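Student: Predicted structure and sequence below. I'll ask about it afterward.
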Amino acid sequence: MYLKKGFKIFVLLIFFGVLFFLFYNSLYKKDFEPRVMIGKQLPNLSSKSLFHEQNVNIKQISNNNIFIINIFASWCAPCKTEHPLLMKLKKNKISIIGINYKDNNRNAKIFLKKYGNPFQEVLLDNKGELSINLGAYGVPETFLVDKHFKIIDKHIGPINNKFVKKVLNSK
Amino acid sequence: MRFFFIIYLLLLSFSHANEIDTRVNTISKNIRCLVCEGQSVYESNSDFAKDIKNYVKKEIMNNKSDKEIYDFLRTKYGESIIFNPTPSIKNIMLWLAPALFFLIGVYIIFRRLGASR
């Protein structure tokens, strides 16, 4: 009788334990913040360049090393905040490819002239299609990509010293 | 005759455009706006929502099925971008859990009542 009762309690405990685990896991669902692109291959992204009117493919620009993709716009205030850090990365020989999100070409050029140009190339994303392909949802957003075109990190919002350090360490 | 043919073509293109818009709206209502509080892409006017709506429209015009559009967005943003997630054992368990708790409760109460009589 006691054994039977003990078994029932054991089954109930297992059952509640499994349910608790499921609920708890759902509460801290990792993909709620869209970081699902980390670990995936960089999609094929091609668009017109800001500097010349020709079509450019990101995979053809990179030079067999880690690189950064930064989504920015001249109208975006946090982009100005992170700009000195992008310049710092450029000084440390990190290649940065810009994606100019829904911007006016003239304003974007003025922005880069005023604050400095950290980008090796800038692709135009007038309709936001490149950003969707990258799984981004705003500006600024930065992706760290390895030489095999695998996305190894993503930073939402203006980058900080911690991210810069991580990029420099991954070199 | 030519006049009627033109009118027919115009009506046809109008109904096709309407059909596309209806599909865009239906899909947009099932996509979560990730930069808004509890809004769907259909309800929101944010840049993110506009981009997704444009993408959905473009893909519908490229003859993509609803499933292909949802699958693409899932790979880019995760399951949470869709309001109606795909059925999985985990989801079903979560939905059934309250009913199971209730049934277990009722069973325990009846057992106790039976024992006390």
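Tutor: That came through, no problem.

Student: now the closest residue to residue A:49 other than its chain neighbours, what's its secondary structure?
Tutor: In this structure, residue A:49 finds its nearest non-sequential neighbour in residue A:56, 4.8 Å apart by C-beta to C-beta, 6 or more residues apart in numbering or on different chains. Bear in mind the C-beta positions are built from the backbone N, C-alpha and C, glycine included. Using DSSP: H, G, I helix; E, B strand; the rest coil, the structure places residue A:56 in strand.

Student: Any residues of chain B in contact with chain A? List them.
Tutor: B:34-35, B:47-48, B:50-52, B:54-55, B:58, B:75-81, B:90, B:93-94, B:97, B:104 (C-beta under 8 Å from any C-beta of the partner chain).

Student: show me what contacts the closest residue to residue B:43 other than its chain neighbours?
Tutor: Distances taken as C-beta to C-beta, 6+ apart place residue B:33 nearest to residue B:43, at 7.3 Å, with adjacent residues excluded. Residues in contact with residue B:33, defined by C-beta atoms under 8 Å, 6 or more residues apart in numbering or on different chains, are B:39-41, B:43-44, B:46, B:48-49, B:52.

Student: Buried only: go through those for me.
Tutor: Buried members of those, scored by 16 or more other C-beta atoms under 10 Å in any protein chain shown, are B:40-41, B:44, B:46, B:48-49, B:52.

Student: Which one of those residues is nearest to chain A?
Tutor: residue B:48 (4.7 Å; C-beta to the nearest C-beta).

Student: how about the longest helix along chain A, does it reach chain B?
Tutor: Criterion DSSP state H: the longest helix present in chain A is helix A:2-27. Yes - contact of helix A:2-27 with chain B (C-beta under 8 Å from any C-beta) involves A:12, A:18-19, A:22-23, A:25-26.

Student: May I see those arranged in TSV, with pLDDT and neighbour count as well?
Tutor: Output for these, formatted as TSV (pLDDT from 0 to 100; neighbours: other C-beta atoms under 10 Å in any protein chain shown):
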residue	pLDDT	neighbour count
A:12	81	12
A:18	81	12
A:19	76	16
A:22	73	16
A:23	73	12
A:25	70	12
A:26	66	12
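
Student: Among the residues of chain B next to chain A, name the ones in helices.
Tutor: B:47-48, B:50-52, B:54-55, B:58, B:75-77, B:90, B:93-94, B:97, B:104.

Student: what residue ranges in chain A are flagged as low confidence?
Tutor: A:1-3, A:26-34 (pLDDT under 70).

Student: quick one, what contacts the residue nearest the centre of chain B?
Tutor: Nearest residue to the geometric centre of chain B (C-alpha atoms, centre = their mean): residue B:30, 2.7 Å. By C-beta under 8 Å, 6+ apart, the contact list for residue B:30 reads B:40, B:70, B:82-84.
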